[in-house]
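*Asks:* Here is my input; please provide its structure:
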Amino acid sequence: MTSPQLEWTLQTLLEQLNEDELKSFKSLLRALPLEDVLQKAPWSEVEEADGKKLAEILIHTSSENWIRSATVTVLEEMNLTELCKMAKSEMLEAGQVQEIDNPQLGDAEEDSELEKPGGQGVKFVWKQSLVWKNTFWQGDIDSFHDDVIQRNQRFIPFLNPSTPSFVTLTVSMVTLAKLDWTDCNLSPTVRYAFYLNCKELSRMGPCSFAELISKDWPELQDDIPSILAQAQRILFVVDGLDELKVPPGALIQDICGDWEQQKPVPVLLGSLLKRKMLPKATLLVTTRPRALRDLQLLVQQPIYIRVEGFLEEDRRAYFLRHFGDEDQAMRAFELMRSNAALFQLGSAPAVCWIVCTTLKLKMEKGEDPAPTCLTSTRLFLRFLCSQFARAQLGLRWLSLLAAQGLWAQMSVLHGEDLESAGVQESDLRLFLDRNILRQDGVAKGCYSFIHLSFQQFLTALFYALEKEEEEDRDGHAWDIGDVQKLLSREERLKNPDLIQAGHFLFGLANEKRVKELEATFGCQMSPEIKQELLRCKGSLHADKPLSMTDLKEVLCCLYESQEEELAKVVVAPLKKISINLTNTSEMMHCSFSLKHCRDLEKVSLQIAKGVFLENYVDFEADIEFERCTYVTLPSWAQQDLRSLRLWTDFCALFSSNSNLKFLEVKQSFLSDSSVRILCDHITRSTCHLQKVEIKNVTPDTAYRDFCLAFIGKRTLTHLTLEGHIEWERTMLLLLCDLLRNHKCNLQYLRLGGHCATSEQWVDFFYVLKANQSLRHLHLSASVLLDEGAKLLYKTMTHPKHFLQMLSLENCRLTEASCKDLAAVLVVSQQLTHLCLAKNPIGDTGVKFLCEGLSYPECKLQALVLQQCSITKRGCRYLSEALQEACSLTNLDLSLNQIARGLWILCQALENPNCNLKHLRLWSCSLMPFYCQHLGSALISNQKLETLDLGQNHLWKSGIIQLFRVLRQRTGSLKTLRLKTYETNLEIKKLLEEVKEKNPKLTIDCNASGATAPACCDFFC
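*Replies:* Next up is the predicted model:
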């Protein structure tokens, strides 16, 4: 699952590319090894996408690691230095892992003893671990705690003789960053280990680097020169870089390499990280992700290791130990797992402790714990109210300090922070005693919150509480943004920690949460907060569709609020939505709010792999599911049942909204059960869907179930079924029943990716004779072959056929098929549009088609022959037909190497009998020699309105010739697409003259996309 931070970062980067750069980005991206889902996605969608849309496609088809790596690689290839630097900084902040060759650390001679100056700091880490053990682990916990710690220590490469010179541990919680260094079996190549605590460093004044590392060991003063002379044998552990309280950029100013020179501590630390100071030493830095941006500016070729914390099995084991009773523990664990956001937070032991403490208290009182886990806000608030009742004043000051720290991106509070806010330690004593706020044992006067999520919750509480006139004791101004700033996209990009605080703030806007707070603490909640939230999130517009990322954020906030009326107001303007469901929480968010979108007309849906497990897991064949209870079901089956319950609520949207007309399901991993649930709602009389597109979904049998659901669906007029569709007998019969049913009003049918036998095509085309509603038939990317096409043409010669548009794109047809098709063009009085793109019919096939076009009975208006192996000889046949006043008005010859065939087509354009209005010659290897002739043809032609010359290298000479003619006049031409050299002064001047002379003419000078425009853009 991709994090919201990565989604916003990628979208922001891509939106900074201009059109040409974006095209280059896509081209280079395609050259990389693509992941499976992205490989299967239609590349045309990628080519048509702007920066925002491309970001959405990548986010929902590729893994986080691939996206990070690919983005940086492509930007480096494009030589976009600044954007590449930004990408590295932002992507690494999301936890990117970089691997480099491991350089050797000096000689491999063995030392008999590992010396550890700075041992007092090491002892502190060990003591602090005991504090965490006593707080969060209860009973016989040594083995459990040690297993978790040791699992993370395995990733630290100092245990191997060959080690890198710089390693960064990116941690999501402080607990596992504080590894037990005293127990580490460091490599023999490391003789000296210095521990630098950033909390403590923040409080030190100017000193030399020698004084910095020996401050706790004055007896080492005389040995410092000899120790530092062996830099390749030294390990520096820089712990908690994110807790270093320094101004932005302070670490990269006044870099110093002299370890005896007096400098501010941030300068010394920055010099060490920058490798100016002791460049051969080995560094290990621990930090939360938010400090990685600054770190990236300092270091070169680091290895990043992300320490995730509790795995799922760790969380389960923790619950069992905390509750003691297995039934209670498993019930509480399943409740936490039912909320994906809360379950993700549970990777931190502190959050597991909060959840267990809260739910256990509920159970002991005989109350139902299930509602408590409905939202993260509800659980955190229940914990707060159960532990700290009547601590009103302390709560106000604690929330103030939390907000100050979050905006400053600091998790550590110093004594001066309390002093500047007018807060005494006594105000916070209750929270210190309960370990919600912890006082540092080494860095005296430093305080930190139990976990970042609790700091975010308290920050939201700061905004929700009504401000008192006397609250500001000294009249000072706090550097805290308002609600609008907290929820703004710009601020969340700069400080992603604000995102969760915003979610909590919506949760605190709930009326029941307000009453709970006021009753427990006796403090008043701000009556204006809900209106402020409404102003920030209530600016949706029907004519301005939301991106997937923005929509998810809005729905998440509304769900956290659990306020139906608020949801109604916010989502009311939505008419079109596009959503990618990656977990059950997102389904809950959608179900809660989208049922209030009474004007919703279109839903575009993607389901990520892992949401439904039924068809994607291996299970024992002898399990009798009918006899299983919920508790005895396999864990995957329990998870699937939860997903299906939520999916049922979500699918109610399609049978309860009378305005919903368009459903698109694409690139989705469904299951047999989830498909049946969706089809059940589609078949209901209250479902009024008119247009349905099912593209590239699994399992393959889903298409069969959808066909069954559409039989007799009177409202359905447009149906698309694309993907790997098994044309087994049942599927074919259902499709035929669909077309044969007397209630069928289907006008548009698109079938893609089919592989049928001749006998099956016979049955299908026979049904077409009886159907009187179908007007558009697309059989793209189907194995039709000449034999199948011949059967179709026979059907179309039937006097009662009603097909007006036929697309046989990429159906493996040859020139032989065109001979039979020519007869259809003469006989059919209905067919007006024909697409044969990506079929190798060649010049001979074009000759046969032109024979049919030459008959006055032919009614064909649009002909698409993209990528059909046509040369200048085929252009001659077309030119002759056009000059004979044939009915053709639209012609697409893109991706055919016609070259000098342009001159032949110009002859037709100059002929007054030619009826062409739209001509597309995209990427046809056109030569500049005929541009003057083309310009003359455009002047004399009084019918042509659109000409596409994109992706043709007409060179400067060809462009100049064309513009010199066009500046006189352009006849009927309204749109011209081509790639120009706008930096050339002569071309730029001519372009201005052409536009001045022809104000109705639109010239698109950037028509050079890497792939051809979609056939349907021109065809329909």
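*Asks:* Does residue 798 lie in a helix or a strand, and which?
*Replies:* Take DSSP states H and E as the rule and residue 798 turns out to sit in neither a helix nor a strand.
*Asks:* Same check on residue 790?
*Replies:* If you go by DSSP H and E, residue 790 is part of helix 785-796.
*Asks:* Show me which positions of that helix end up buried.
*Replies:* Buried residues in helix 785-796, counted by 16 or more other Cβ atoms under 10 Å: 785, 786, 788, 789, 790, 791, 792, 793, 794, 795, 796. In short, each C-beta sits where N, CA and C put it, glycine included.
*Asks:* Low-confidence regions, the stretch 601-750 of the chain specifically.
*Replies:* 617-633, 726-728 (pLDDT under 70).
*Asks:* now the strands for it?
*Replies:* For the stretch 601-750 of the chain, applying DSSP state E, counting those that start in this stretch gives strands covering 602-607, 662-669, 691-698, 718-725, 748-754.
*Asks:* what would those look like in CSV with distance to residue 1014 and mean neighbour count?
*Replies:* Listed next are these as CSV, based on distance: least, Cβ to Cβ, whole Å; neighbours: other Cβ atoms under 10 Å:
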stretch, distance to residue 1014, mean neighbour count
strand 602-607, 17, 20
strand 662-669, 15, 20
strand 691-698, 14, 20
strand 718-725, 14, 20
strand 748-754, 13, 20
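*Asks:* would JSON lines of those with distance to residue 735 be doable?
*Replies:* Output for the strands of the stretch 601-750 of the chain, formatted as JSON lines (distance: least, Cβ to Cβ, whole Å):
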{"stretch": "strand 602-607", "distance to residue 735": "22"}
{"stretch": "strand 662-669", "distance to residue 735": "18"}
{"stretch": "strand 691-698", "distance to residue 735": "13"}
{"stretch": "strand 718-725", "distance to residue 735": "8"}
{"stretch": "strand 748-754", "distance to residue 735": "8"}
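*Asks:* can you tell which of those strands is closest to residue 616?
*Replies:* Across the strands of the stretch 601-750 of the chain, residue 616 has its closest neighbour in strand 662-669 (7.0 Å, Cβ to Cβ).
*Asks:* what packs against the closest one?
*Replies:* With contacts taken as 3 or more Cβ pairs under 8 Å, 6 or more residues apart in numbering; DSSP states H and E, strand 662-669 sits against strand 602-607, strand 691-698.
*Asks:* hang on, the earlier thing: neighbouring contacts of the helix holding residue 790?
*Replies:* Applying Cβ atoms under 8 Å, 6 or more residues apart in numbering, the set of residues contacting helix 785-796 from outside is 756, 758, 761-762, 765-766, 768-769, 784, 801, 803, 806, 808, 811-814, 816-817, 820-821, 823-824, 827-828, 831.
*Asks:* Next, the angle from that helix to strand 748-754.
*Replies:* Computed by axes from the mean of the first three to the mean of the last three Cα atoms, to 10 degrees, the angle separating helix 785-796 from strand 748-754 equals 160 degrees.
*Asks:* what element comes up after helix 785-796 heading to the C-terminus?
*Replies:* Moving toward the C-terminus from helix 785-796, the next element (DSSP H and E) is strand 805-807.
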